[in-house]
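**Q** below are the sequence and a predicted model for it; my questions follow.
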Amino acid sequence: MSISSSTSSASRCSTSPETEKAERLRRAARRGWTPPPRISLPEWADRFRVLAREAGSTSGKYRTGRVEIARGPMLAATEPGVRKISAMVATQLLKTTLIENIVGFHVHLDPCPMLIVQPKDAAAEQFSKERVGPFIKATPALRKLVGQTKSRDAGDTIDYKAFPGGFLGIVGAGSPDNLARRPVRIVLCDEVDKYLPLKEGDPLAIVEERQATFDSNSLNVAVCSPTVTGESKIEVRYLASDQRRASVECPECGHRQFPDFFTHVHWDKGADDNSHRPETARVYCEKCGVGWTEGQRLRALTTIRWHQTRPFQCCDQWQVPQEAYTAAVTEGHPDPLGLVWDWWESPRHAVYRARCRECGDWAVSNEHAGFQAGKLFSPWANDAPPRQAAKWLAATDEDGKQTFYNTQLARTYRQNVGKAMNPDTLTARREIWAAQVPDGVAVITCGIDVQDYRVELETVGWGRDEESWSIDYEIFDGEFDDPRLQARLDEYLQKKFYRADGRPFAIHAACIDTGGHHTNAVYEFAKARLGRFIWGVKGESARTGQRNPVWPTKRPSSRSKKTYRPIIVGVNAAKDTIRNYLGKDQPGPGYMHFNVDRDAIYFAQLTAEQIVLKVIGGQKFRIWELPGGRANEALDCRVYAYAALHGLMHRNFKLNREADRVGATVEGQTILPPPDTPAVATNTEATGPTITAAPAERPKKRSLGAMLARGA
C-alpha cells in the first residue's frame with residue numbers, strides 16, 4: 001500500500017465521528033440563522049402540501065387554482081396588517097382548507113403556539129383524526145416536524161401536536177379551561193355558529209383574550225356557514241370586517257361583476273310560469289346578456305378578484321364601494337375599478353382595497369378581513385347552476401329555504417314566521433263550499449284542546465301536499481270528568497262528513513291534549529280508544545325553543561293500556577309549519593282553506609302567538625310566545641290536528657296516495673264576499689250512529705287500511 005493511500009485512510013478515520021457531528025451542528029446552525037422563504041400561504045401550499053387520500057375525493061399534489069375562490073382568504077393570512085379573518089362561506093368550499101393550510105404554513109416556516117377550536121370535544125377529536133392527522137402524515141415537510149420530541153407520545157396526541165418552536169392544540173368550545181389555559185398566537189375557530197355560550201361569556205371573546213401577549217403578530221380566524229339573521233355569530237363578525245366580496249370577468253365581454261344567484265342565474269320556464277326547467281339554468285352576464293356554458297363559468301372562476309365593499313365615510317361623503325363601481329360602469333368610466341378600488345402589491349395576488357373617490361386614500365382598514373362567497377364560485381359539478389336551481393325550486397318551506405340560503409348562498413335567512421299575521425287578511429279569504437267536505441280532501445283528522453270547563457276541537461281535511469280545509473269547529477261546555485261530555489265527544493269522533501257526491505268521510509285520527517286539570521280523565525278516555533287512533537298527547541317542553549319532530553320518531557303502535565303514556569308532540573315545529581302555511585296566498589301545497597263559519601275570534605286565536613327572540617343563559621332562542629290577555633285555543637286545535645296527520649304518516653299512511661284513492665280533486669272555490677255582504681253557508685250536517693257511552697271492552701285491533709276504508 002502506498003504512503004498516500006495510508007495518509008488518506010488515516011485522514012478519513014481522523015474526521016469521524018466527531019468531525020461529522022461537528023459538521024452537522026454547523027449545518028444546523030446555518031439553517032437556524034437562515035430566514036424562512038418569504039412566500040405567501042397559497043405559494044407554500046402549492047409547493048409543499050400533499051392531499052391525503054383518506055381526507056377527500058382527491059389526492060396528490062395540492063393546487064390552489066383548483067378552488068380559486070380560496071386564494072383570497074389564504075392570501076389574507078400573510079397580508080400585512082391583517083389580524084382577523086372571518087369567512088362566511090358556503091359549505092364544502094374553502095373553510096377546512098384555509099384552516100389546514102394556515103396550520104401547515106406556520107408549523108413549517110413560522111412556528112408558534114396555535115389553537116383549533118371546534119364546537120364540541122367530540123368534533124375536535126373527529127377533526128384531528130380525519131383532517132389534521134392525515135394532512136400532516138401526507139405532507140413530508142410537516143411529517144418530519146410534528147411529534148419529534150423526547151417523548152413521542154406526549155408530542156403527538158389527538159388534541160396536542162408538538163413541533164420545534166410551537167404546538168397545535170385542538171379543543172372543543174364547550175369548556176372554558178380548553179380556551180383559557182394557555183397563551184396562543186394563532187386561533188382558528190371552526191363552525192362558530194354552533195358554539196354554545198359559557199358562564200364566563202362568549203367562547204370567541206374568551207379565546208381572543210389568549211392572544212393578548214402576541215398582539216403585534218397574532219391571527220384570529222373564524223369560519224362558518226351562516227344561520228338565522230340576527231343570531232349568526234359569523235354574520236356579526238363579517239359585518240364588523242372590511243366585507244370582501246369576489247368578482248369575475250365575463251368570458252364574452254370582459255365585464256367584471258359580482259355573481260349573485262337571484263340576479264345572474266336564470267332558467268327556462270313554461271308558458272304559465274309554473275313549469276320550471278332547472279337543467280337549463282345558466283349564469284347570465286349583466287352587461288352583454290350572454291348565458292355562460294359550464295366551461296365558460298369555470299374559466300370565469302380563474303379571474304376571481306376580491307374587493308373591499310364595506311361602506312365608509314371620507315371627505316365628508318358617505319361612500320358605498322360596490323354602488324360606486326356600478327355607477328362608474330354605467331357612466332362609461334374608462335377605469336371603473338381604479339376609480340373605486342386600488343390593489344395591494346399586484347392585481348393578481350391580492351385584495352382590491354377601497355379608495356375614496358375624492359382624495360384617493362385607502363379608506364377601509366384591512367385589520368379585519370372578511371370574506372363572503374356562495375356556491376356560484378364552486379368548481380364542482382354538483383354545485384353548477386342547474387343543480388342550484390333545482391335545490392332552490394325544491395325548497396318549498398321555511399326549513400328548505402333557510403338551508404338553501406345558508407349552505408348555497410352563504411347568507412343568513414330571516415325567518416318569515418316571526419312576522420305578525422293579520423287575522424283580517426285570513427277572514428277576508430273565507431270560502432263557501434258545496435258540501436261539508438270539499439273535493440280536495442283525502443283524509444280527516446281532529447285536534448282537541450281540553451280547558452277547565454270546556455272542550456274545543458277542530459276537524460281538518462287534508463289534501464295533496466298538506467293542503468288543508470277547516471271543516472268544523474266545535475265547543476263542548478262542561479268538565480272533562482263528566483261522562484256526559486265524554487259521550488258527546490265520543491259521538492262526535494264517530495260522526496260522518498259528506499262530500500258533494502255523497503261520499504262519507506270519518507275522522508281517522510285525533511290528538512287530545514292531556515295537560516290541564518283533567519289529565520287522568522283524558523288518559524282514560526284516550527286509552528279506551530287506542531284502536532281508533534285517538535291519541536293522548538302533550539306538548540314538548542319548549543322553553544329553549546328546541547325544534548323536535550312533530551311526531552316522535554319512536555312508533556306509538558307499541559303503546560297499550562298497560563304501558564300508556566301520552567305522546568310528546570313537537571309543537572314548535574308544528575307552529576313553524578302552520579305559520580308558514582298561513583302565509584301562503586294561493587291554493588296549492590300547504591295552503592289553508594277556511595269555511596264561511598269561521599269568525600274573527602277564530603282567526604285572532606289562530607294568529608295569537610308570535611315568534612320572539614329570547615336570551616337564556618347567554619344563548620339566543622326563537623320561542624313561540626302568547627301575549628298576555630290573548631287566547632290561542634284555535635291554534636292549539638290546529639297543532640293537534642296536524643300532529644294527528646303525522647301520527648297516521650308514521651304508520652306508513654301516504655297522503656297523496658290516499659288522495660288518488662278517494663278521487664280528491666281541487667277545483668276553484670267560491671270566495672266569501674266582503675264581510676258586510678250576507679252569505680249563506682251550504683253545509684249540511686250528516687250524523688253517524690249515536691253512541692251514548694264509551695265501550696267497556698278493549699277495542700279490536702284494526703289495520704290502518706281497514707280504518708281508512710270504514711269511511712268509504
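**A** Perfect, thanks for sending it.
**Q** now do the residue nearest the centre of the chain against residue 455, distance only.
**A** To find the centre residue of the chain, average its C-alpha atoms and take the closest one (CA atoms, centre = their mean): that gives residue 403, at 4.2 Å. Taking CB to CB, to the nearest Å as the criterion, residue 403 is separated from residue 455 by 39 Å. For every residue, glycine as well, the C-beta is placed using N, CA and C.
**Q** same thing with residue 105?
**A** From residue 105 over to residue 455 the distance is 69 Å, taken as CB to CB.
**Q** got the phi and psi for residue 471?
**A** When read as degrees, to the nearest 10, the backbone of residue 471 gives phi -80, psi -40.
**Q** so the residue nearest to the centre of the chain touches residue 397, yeah?
**A** No: shown here, residue 403 and residue 397 do not form a contact pair, counting by CB atoms under 8 Å, at 9.9 Å.
**Q** what's the residue nearest to residue 470 when sequence neighbours are not counted in contact with, if anything?
**A** Beyond its immediate neighbours in the sequence, the residue positioned closest to residue 470 (CB to CB, 6 or more residues apart in numbering) is residue 594, lying 5.0 Å away. For residue 594, the residues meeting the contact criterion (CB atoms under 8 Å, 6 or more residues apart in numbering) are 426, 429, 430, 431, 469, 470, 603.
**Q** if we can go back for a sec, now the residue nearest to the centre of the chain, what's its secondary structure?
**A** The local conformation at residue 403, judged by DSSP: H, G, I helix; E, B strand; the rest coil, is helix.
**Q** show the pLDDT at the nearest residue to it once chain neighbours are set aside.
**A** The shortest distance from residue 403 to any residue other than its chain neighbours is 6.8 Å, reached at residue 395 (CB to CB, 6+ apart). With respect to pLDDT, residue 395 scores 91.
**Q** got it, and residue 695?
**A** Per-residue confidence at residue 695 stands at 33 (pLDDT).
**Q** mind listing the strands for the stretch 351-500 of the chain?
**A** In the stretch 351-500 of the chain, the strands defined using DSSP state E, counting those that start in this stretch lie at 352-354, 368-373, 431-432, 443-450, 454-462, 468-477, 496-498.
**Q** that older thread, what helix or strand is the residue nearest to residue 470 on?
**A** Assigned by DSSP states H and E, residue 594 belongs to strand 592-594.
**Q** tell me the strands beside that strand, with direction?
**A** Next to strand 592-594 in the sheet, as set by DSSP bridges, lie strand 468-477 (parallel).
**Q** the inter-axis angle of the partner strand versus strand 443-450?
**A** Counting by axes from the mean of the first three to the mean of the last three CA atoms, to 10 degrees, strand 468-477 lies at 30 degrees to strand 443-450.
**Q** could I have the CA atoms of the helix or strand where residue 262 lies written out in CSV?
**A** Assigned by DSSP H and E, residue 262 belongs to helix 261-264. Only the C-alpha atoms of helix 261-264 are listed here, as CSV (Å, rounded to 0.1, in the frame of the first residue of the first chain):
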residue,chain,number,x,y,z
PHE,A,261,-77.9,33.6,-7.7
PHE,A,262,-81.1,35.6,-7.8
THR,A,263,-79.7,38.3,-10.1
HIS,A,264,-77.5,36.4,-12.6
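**Q** how far does it sit from the chain's center?
**A** Mean C-alpha position of helix 261-264 versus that of the full chain (CA atoms, centre = their mean, to the nearest Å) differs by 20 Å.
**Q** quick check: mean pLDDT across that helix?
**A** So the average pLDDT for helix 261-264 ends up being 93.
**Q** how distant is the following helix or strand past it from the center of its chain?
**A** Next in sequence after helix 261-264, counting helices and strands by DSSP H and E, comes strand 265-269. Strand 265-269 has its average C-alpha position 25 Å from the chain's average C-alpha position, going by CA atoms, centre = their mean.
**Q** got the buried residues for strand 265-269?
**A** 265, 267 (16 or more other CB atoms under 10 Å).
**Q** who does that strand pair up with?
**A** The strands that strand 265-269 pairs with in its sheet are strand 276-283 (antiparallel) (by DSSP bridges).
**Q** buried set for the partner strand?
**A** Within strand 276-283, the residues that count as buried by 16+ other CB under 10 Å are 276, 278, 281, 282, 283.
**Q** circling back to that earlier point, and the strands of the stretch 351-500 of the chain: which comes nearest residue 67?
**A** strand 368-373 (10.5 Å; CB to CB).
**Q** can you list contacts of that closest one?
**A** So strand 368-373 is contacted by 69, 72-73, 76, 79, 82-90, 93-94, 237-246, 306, 351, 410-411 (CB under 8 Å, 6+ apart).
**Q** try it again at 7 Å.
**A** Taking CB atoms under 7 Å, 6 or more residues apart in numbering as the criterion, the residues outside strand 368-373 that touch it are 69, 72-73, 76, 79, 82, 84-90, 93, 237-238, 240-246, 410.
**Q** what are the C-alpha coordinates of that strand, in CSV please?
**A** Output in CSV follows, covering the C-alpha atoms of strand 368-373 (Å, rounded to 0.1, in the frame of the first residue of the first chain):
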residue,chain,number,x,y,z
HIS,A,368,-60.2,42.6,10.0
ALA,A,369,-60.5,40.8,6.6
GLY,A,370,-64.0,39.4,6.0
PHE,A,371,-65.0,37.1,3.1
GLN,A,372,-68.4,36.0,1.8
ALA,A,373,-68.9,33.6,-1.1
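**Q** could I get the average pLDDT for that strand?
**A** On average, the pLDDT along strand 368-373 is 96.
**Q** who does that strand pair up with?
**A** strand 84-89 (parallel), strand 244-249 (parallel).
**Q** please name whichever of the ones you listed is nearest to residue 581.
**A** Where those are weighed against each other on CB to CB, the nearest is strand 84-89, at 30.8 Å.
**Q** how many residues are close by residue 351?
**A** Residue 351: 23 surrounding residues under other CB atoms under 10 Å.
**Q** kindly report the same for residue 489.
**A** For residue 489, which is what you asked about, the neighbour count (other CB under 10 Å) is 23.
**Q** wait, it touches residue 477, no?
**A** No: Residue 489 is not in contact with residue 477 according to CB atoms under 7 Å; the separation is 11.8 Å.
**Q** endpoints of stretch 69-89, how far apart?
**A** Separation of the first and last residues of stretch 69-89 by CA to CA, to the nearest Å is 10 Å.
**Q** now do the buried residues in it.
**A** Neighbour-count burial for stretch 69-89, with 16+ other CB under 10 Å as criterion, is recorded at 69-79, 82-89.
**Q** what's the span of stretch 394-412, first residue to last?
**A** 19 Å.
**Q** for it, buried residues please.
**A** Under the neighbour-count criterion of 16+ other CB under 10 Å, stretch 394-412 has 395, 398-399, 401-412 buried.
**Q** closest to residue 482 out of those?
**A** If you rank these by distance to residue 482 using CB to CB, residue 398 comes first, at 41.2 Å.
**Q** ok, now how distant is that closest one from residue 435?
**A** Relative to residue 435, residue 398 is positioned 33 Å away (criterion: CB to CB).
**Q** next, give phi and psi for residue 110.
**A** The phi and psi values for residue 110, taken as degrees, to the nearest 10, are phi -140, psi 70.
**Q** quick one: pLDDT of it?
**A** According to the model, residue 110 scores 92 on pLDDT.
**Q** quick check: it vs residue 165, distance?
**A** In this view, residue 110 and residue 165 are 8 Å apart by CB to CB.
**Q** can you tell me the SS state at residue 535?
**A** Reduced to three states with three-state DSSP, the structure at residue 535 is strand.
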